[in-house]
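Q: with the input below, show me the fold.
(2 chains)
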Amino acid sequence: MCQSSNIELEGKSDSNALLEREIEIPAEDFETAGEATLQLRTLLREADVPQVALKRAMIACFEAEMNVVMHSCGGVMRVRVYKDRIRVEVEDTGAGIADVDSAMTEGFSTASEAGRERGFGAGMGLPNIQENTDRLSVMSSPGEGTVLWFDVLFKTKETKEQPEKQR
Amino acid sequence: MTTLGKMIKELDLRVLTDAAGTEQEISHGYVGDLLSDVLGKAPENAAWLTVQVHKNVVGVAAMKDCAVVIICGGRNVDERVVAKARDEGITMLTSGKSAFDLAGELYALGLRGGGADGSG
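A: Numbering: from 1, shown residues only, chains lettered A, B, ... in the order given. Coordinates of the predicted model:
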């Protein structure tokens, strides 16, 4: 399955981005799953990204990363920070999603037993991503892979009404 | 609302990571073993009760800014997971009691569920 990919994973740089980072996500490695998102979180915290937007983006990134770990042959997460938003693109190779509309529905799951045992794969991943983003696109070719991108805007109503709680 | 220190003392919790910040106030709690549910629904600054003991727990706790993670039911936690929690600044506690009993005791200490709907 993993040798049949036709999707190119070459990074596309954008000179308008204030910050750009690309991190590889290995497949089926639950031990390191989440590391890409944790790295990004550290980077974006240092980059003075608005807190509420950062938290929403990181939840979406974590779910997207887990999806790559559970469902693909590996992929890449590309993050760009613009003055008004965070853009995240996640590309993977592998099985893809046969029915994107169904996959967006809470409860729909095709996860492996390994993923389920760890508390993922209950059909909540993509709905969680949708809930925490302002624009979302999922494109998939069964047998080739999935390209997902989302934007989290800095000036949403939620950003203004939910100030950061200090720990 | 209670403090981390009082929570540890009253519930007789064992501290796996560093017990720094015992004066930290904790207002909410959440019980969940389904990590996507916790990611989607747990309130911030929560004491998260779970029986999951793998490394992804640390990632979820970090994403949700959990105040503490309480591993319930006497589950053993691998030292690599504890080390990861230390690295990420997550306070990890453990107890032999069930999540049900611990949640009841935390409620009696003043913690509430809160969550996505804003209740509690």
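
Q: quick check: residues of chain B near chain A?
A: Applying CB under 8 Å from any CB of the partner chain, one finds that chain B approaches chain A through B:24, B:32-40, B:44-45, B:52, B:54-56, B:58-60, B:62-65, B:67, B:88. Quick note: C-beta positions are derived from backbone N, CA and C, even for glycine.

Q: so where's chain B uncertain?
A: Along chain B, segments meeting pLDDT under 70 span B:115-120.

Q: give me the nearest residue to whatever residue of chain A ends up closest to chain B, chain neighbours excluded.
A: Per CB to the nearest CB, A:G34 is where chain A lies closest to chain B, at 3.2 Å. Nearest residue to A:G34, sequence neighbours excluded (CB to CB, 6 or more residues apart in numbering or on different chains): B:G59, at 3.2 Å.

Q: beta partners for the residue positioned nearest the centre of chain B?
A: Central residue of chain B (CA atoms, centre = their mean): B:V69, 2.5 Å from the mean position. As for beta bridges, B:V69 partners with B:W48, B:M92 under DSSP bridges.

Q: contacting residues for it?
A: Taking CB atoms under 8 Å, 6 or more residues apart in numbering or on different chains, we find B:V69 in contact with B:47-48, B:50, B:57-58, B:61, B:85, B:90-93.

Q: report the two of those separated the most.
A: By the measure CB to CB, B:A47 and B:V58 form the most distant pair in the contacts of B:V69, at 15.3 Å.

Q: between the two, point out the one with more neighbours.
A: B:A47 (28 against 25; other CB atoms under 10 Å in any protein chain shown).

Q: residues touching that one, list them.
A: Counting by CB under 8 Å, 6+ apart, B:A47 has contacts B:7, B:26, B:28-30, B:66-70, B:106, B:111.

Q: how close does it get to chain A?
A: Noted for B:A47: a distance of 13 Å to chain A, by CB to the nearest CB, to the nearest Å.

Q: can you tell me the closest non-neighbouring residue to A:D151?
A: In space, and not counting its chain neighbours, A:D151 is closest to A:R135: 4.3 Å by CB to CB, 6+ apart.

Q: sorry, back to before: now list the buried members of the residues of chain B next to chain A.
A: Buried by 16 or more other CB atoms under 10 Å in any protein chain shown: B:24, B:32, B:34-40, B:44-45, B:52, B:54-56, B:58-60, B:62-65, B:67, B:88, out of the residues of chain B next to chain A.

Q: where does the prediction get shaky in chain A?
A: A:1-12, A:156-167.

Q: now the helices: where do they sit in it?
A: Ranges of helices in chain A, per DSSP state H, are A:35-46, A:51-71, A:100-103, A:113-117, A:125-131, A:157-161.

Q: most packed of the ones you listed?
A: For these, the largest average neighbour count (mean count of other CB atoms under 10 Å in any protein chain shown) is found in helix A:51-71, namely a mean of 25.

Q: which bits of chain A sit near chain B?
A: Residues of chain A lying close to chain B by CB under 8 Å from any CB are A:30-31, A:33-35, A:37-38, A:41, A:55, A:58-59, A:62-63, A:66, A:118-120, A:122, A:124-125, A:127-128, A:131, A:165, A:167.

Q: go again using 6 Å as the cut-off
A: Counting by CB under 6 Å from any CB of the partner chain, chain A comes close to chain B at A:33-34, A:58-59, A:62, A:118-120, A:122, A:124-125, A:128, A:165.

Q: just the closest residue of chain B to chain A, please.
A: Counting by CB to the nearest CB, chain B gets nearest to chain A through B:G59 (3.2 Å).

Q: would you check that B:G110 makes contact with B:M7?
A: No - under the criterion of CB atoms under 6 Å, B:G110 makes no contact with B:M7, lying 10.0 Å away.

Q: compare these two (neighbour count), which wins?
A: Between B:G110 and B:M7, B:M7 has the larger neighbour count (other CB under 10 Å), namely 24 against 13.

Q: wait, a strand at that one?
A: No - B:M7 is assigned helix when assessed by DSSP: H, G, I helix; E, B strand; the rest coil, not a strand.
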